[in-house]
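>>> Got a predicted structure plus its sequence, pasted below:
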Amino acid sequence: MNYPIYLDYNATTPCASEVIEAMLPYFGSHFGNAASKSHPYGWVAENAVEEAREKVANLICAKAKEIIFTSGATEAINLGIKGTFEAYSGEKQHYITALTEHKAVLDTFSEIEKSGAEVTYLPVDSKGTVSLEELENSILPHTKLICLMWANNETGVIHPVEKIAQLAESKNLIFFTDAVQAAGKIPVFTKGIHLMAISAHKLYGPKGVGALYVRHNHDLPKPLAQIHGGGHEKGMRSGTLNVPGIVGFGKAAELRLAEMNREADRLEILRNRLEKGLLELSDTSLNGSQLARLPHVANIAFGGVEGEELLKKVNQKVAVSSGSACTSISPKPSHVLAAMGLNADLGRASIRFSLGKSTSESDIEQTLDWVTKVVLELRK
């Protein structure tokens with residue numbers, strides 16, 4: 001197949017060749033079940049899992065024992081939120097999140113609302129940022145948890161995580177952050193954070209594996225298991241471990257830790273070149289903050305064109321999206337951009353460009369030429 005230029009790295013990333021190489025033996029010669037404690041097949045698999053756990057922990061400045069492997073970030077988010085709700089069962093409960101969170105977070109909060117939880121959905125300003133003052137004012141006597149993402153998947157906007165963690169700590173609240181788009185792209189930390197969701201396929205690892213960081217050594221309740229049957233992963237997530245996937249996750253984390261800062265600098269230069277060229281077109285604007293955002297993401301609104309037609313034409317030569325891959329099948333405008341105040345038409349006519357390891361200067365120049373051509377033709 002003659003693939004287009006790929007600029008949709010926030011949707012998923014290709015497995016690094018080193019990751020594939022690390023995984024292959026665990027599909028074949030080292031096929032053992034990591035829970036088989038009585039023979040070498042199980043021992044080899046268990047050792048591989050524990051090595052990977054250490055590598056994933058290193059990526060986010062955690063301890064290995066604080067990493068719980070899951071089938072992905074969506075499961076990690078469900079475990080963190082629903083598990084906390086159940087841990088406080090019988091108590092009046094209030095949660096705080098934001099309107100621009102990923103659907104995995106918003107839909108999970110919607111579910112616990114059906115069971116009696118109160119949820120405050122913080123608004124954002126036109127740049128996609130939350131007000132720390134409004135966050136603090138939203139805290140009630142029965143607030144249990146604050147859930148705010150590290151970096152937005154559509155705009156790349158980075159929340160002031162350190163200040164949010166400090167606020168949560170001062171109020172003795174659980175702080176849960178969806179760090180799926182941040183981990184492996186920018187440095188992250190766990191100080192003051194109780195729960196963190198991350199995913200392998202966003203950082204050049206395999207699909208179908210993620211993790212929930214669960215902070216140890218504090219008095220607040222830890223989430224209760226949502227999947228039962230065998231007591232794997234310290235009883236928090238039962239099920240036979242995906243050993244090849246976990247090994248791949250560990251290798252990807254190790255690679256990202258080594259190359260992340262250098263690659264971020266390279267991609268920021270390319271992103272800025274793309275953004276500058278696109279914003280030279282009339283009636284275009286940047287969605288989100290110019291400053292506090294991921295170095296590889298640009299979300300641009302193109303006025304004067306019909307959104308569905310724009311996306312269809314651009315994707316003939318450049319693979320991009322209008323928002324989250326989880327909602328790309330929907331013709332509705334992005335809930336993130338709507339929360340930032342964009343009207344529906346402009347929200348539909350916005351494109352997220354997300355760059356990655358294979359993105360070259362030539363890709364950027366070709367993308368500029370093609371998108372400019374498409375926009376000008378559609379405006380005729």
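Nice, I can see it.

>>> What's the local residue count around E254?
By other CB atoms under 10 Å, 20 other residues sit near E254. Using the backbone N, CA and C atoms, a C-beta is placed for each residue, glycine as well.

>>> Find the nearest non-adjacent residue to it, please.
The spatially closest residue to E254, leaving aside those adjacent along the chain, is K55, at 4.6 Å (CB to CB, 6 or more residues apart in numbering).

>>> what helix or strand does that neighbour sit in?
The secondary structure element spanning K55 is helix 40-59 (assigned by DSSP states H and E).

>>> circling back: list the contacts for the residue nearest to E254?
With CB atoms under 8 Å, 6 or more residues apart in numbering as the criterion, the residues that contact K55 are G250, K251, A253, E254, L257.

>>> The same query, at a cut-off of 6 Å, please.
Under the criterion of CB atoms under 6 Å, 6 or more residues apart in numbering, the contact partners of K55 comprise G250, A253, E254.

>>> Then L255?
Contacts of L255 (CB under 6 Å, 6+ apart): A16.

>>> okay, the angle between the helix or strand where it lies and helix 40-59?
With elements taken from DSSP H and E, the one containing L255 is helix 243-279. Using axes from the mean of the first three to the mean of the last three CA atoms, to 10 degrees, the inter-axis angle of helix 243-279 relative to helix 40-59 is 30 degrees.

>>> in the helix or strand just after helix 243-279, what counts as buried?
Using DSSP H and E, the helix or strand that follows helix 243-279 towards the C-terminus is strand 284-286. Applying a neighbour-count criterion of 16 or more other CB atoms under 10 Å, the buried positions in strand 284-286 are T284, L286.

>>> for strand 284-286, packing partners?
Using 3 or more CB pairs under 6 Å, 6 or more residues apart in numbering; DSSP states H and E as the contact criterion, the neighbours of strand 284-286 among helices and strands are strand 297-302.

>>> what comes into contact with the strand it packs on?
For strand 297-302, the surrounding residues in contact (CB under 6 Å, 6+ apart) are 155-156, 271, 275, 278, 284-285, 287-288, 346, 349-354, 375.

>>> Which members of the residues you listed are classed as buried?
In these, burial by neighbour count holds for 155-156, 271, 275, 278, 284, 287-288, 346, 349-354, 375, counting by 16+ other CB under 10 Å.

>>> nearest to N33, of those residues?
N33 has its nearest neighbour among the buried ones among the contacts of strand 297-302 in S354, at 36.7 Å by CB to CB.

>>> Relative to L241, how far out is that closest one?
30 Å (CB to CB, to the nearest Å).

>>> Chain neighbours aside, what residue packs nearest to R273?
Closest residue to R273 in three dimensions, ignoring its sequence neighbours and counting by CB to CB, 6+ apart: I364, at 5.5 Å.

>>> so the one you found is in which element?
Residue-wise, I364 maps onto helix 361-378 under DSSP H and E.

>>> relative orientation of that helix and helix 243-279 in degrees?
Helix 361-378 and helix 243-279 meet at an angle of 60 degrees, taking the same axes, to 10 degrees as the criterion.

>>> I'd like the distance between the residue nearest to R273 and A117.
Applying CB to CB, the value for I364 to A117 is 45 Å.

>>> Over to K171?
Counting by CB to CB - K171 and A117 are separated by 18 Å.

>>> Then C61?
Using CB to CB, we find C61 at a distance of 30 Å from A117.

>>> So which of these two has more stuff around it?
Using other CB under 10 Å as the criterion, C61 and A117 rank with A117 on top: 21 against 13.

>>> close enough to count as contact, that one and Q93?
Yes: contact status for A117 versus Q93: in contact at 4.9 Å, counting by CB atoms under 6 Å.

>>> low-scoring pLDDT stretches of the stretch 251-380 of the chain, where are they?
In the prediction, the stretch 251-380 of the chain carries residues with pLDDT under 70 at positions 323-331.

>>> rerun that using 80 as the cut-off
323-332 (pLDDT under 80).

>>> Next, the contact list for K222, please.
For K222, the set of contacting residues under the criterion of CB under 6 Å, 6+ apart consists of V214.

>>> Distance check, it against T84.
For K222, the distance to T84 equals 8 Å [CB to CB].
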